[in-house]
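Undergrad: this one's structure only:
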């Protein structure tokens, strides 16, 4: 139930951002709302250093005390290509690679992991904790600004199942 509510809220935010009067194709619109892309860290990242297997991603995450974001894609998926061209080339999204390990998995080749995570729509980004357990997922194309904000919230512990459970316990009457 919480996942459904969170996804509805996420869709609402995406629609709001898409229809915002500030969003007229200008690069500054996202920066005005969320700060400059370099706000994650003051280091300029020019690309995402993708792990190409789940094992290498979890090893890298364990060695650097980070979480993992696994993008499941297919070669024929147009929305996967759109994410590659816009979302994953956004400076703010690339800067997040200082805080998480990005992994990429072709779901038609790595069928075992696709089956393990129950992937059936593309692209799907699975967010895991440091232990490799799924925390949440993002299904479908997500524009850079919304993706960056979702990842920031995830990394800050906002909107995760544990955060929602904690908030329910502290304000049970809401």
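TA: Good, I have the coordinates. Because the structure is predicted, anything quoted here is derived from the model rather than measured.
Undergrad: CA atoms for contacts and neighbours, from now on please.
TA: OK.
Undergrad: can you give me the strands for the chain?
TA: Taking DSSP state E as the criterion, the chain carries its strands at 67-73, 100-106, 124-128, 134-139.
Undergrad: center of the chain, which residue is that?
TA: For the chain, the residue sitting closest to the mean C-alpha position, by Cα atoms, centre = their mean, is residue 151 at 4.8 Å.
Undergrad: ok, which of the strands of the chain comes nearest residue 89?
TA: Residue 89 sits nearest to strand 100-106 of all the strands of the chain, at 12.9 Å, using Cα to Cα.
Undergrad: residue 103 versus the residue nearest to the centre of the chain, what's the distance?
TA: 14 Å (Cα to Cα, to the nearest Å).
Undergrad: got a markdown table for the strands of the chain, with mean pLDDT and distance to residue 168 too?
TA: As requested, those are exported to a markdown table (pLDDT from 0 to 100; distance: least, Cα to Cα, whole Å):
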| stretch | mean pLDDT | distance to residue 168 |
| --- | --- | --- |
| strand 67-73 | 95 | 25 |
| strand 100-106 | 95 | 28 |
| strand 124-128 | 94 | 22 |
| strand 134-139 | 90 | 17 |
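Undergrad: would you list those in CSV and tack on distance to residue 86 and mean neighbour count?
TA: Putting these into CSV (distance: least, Cα to Cα, whole Å; neighbours: other Cα atoms under 10 Å) gives the following:
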stretch, distance to residue 86, mean neighbour count
strand 67-73, 14, 25
strand 100-106, 16, 22
strand 124-128, 15, 22
strand 134-139, 16, 16
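Undergrad: compare those strands and give me the one nearest residue 50.
TA: Of the strands of the chain, the one closest to residue 50 (Cα to Cα) turns out to be strand 100-106, at 5.2 Å.
Undergrad: tell me which strands and helices that closest one is in contact with?
TA: helix 54-64, strand 67-73 (3 or more Cα pairs under 8 Å, 6 or more residues apart in numbering; DSSP states H and E).
Undergrad: could you list the buried residues of the longest one?
TA: When you say that, I think you mean helix 54-64. 54, 57, 58, 60, 61, 62 (16 or more other Cα atoms under 10 Å).
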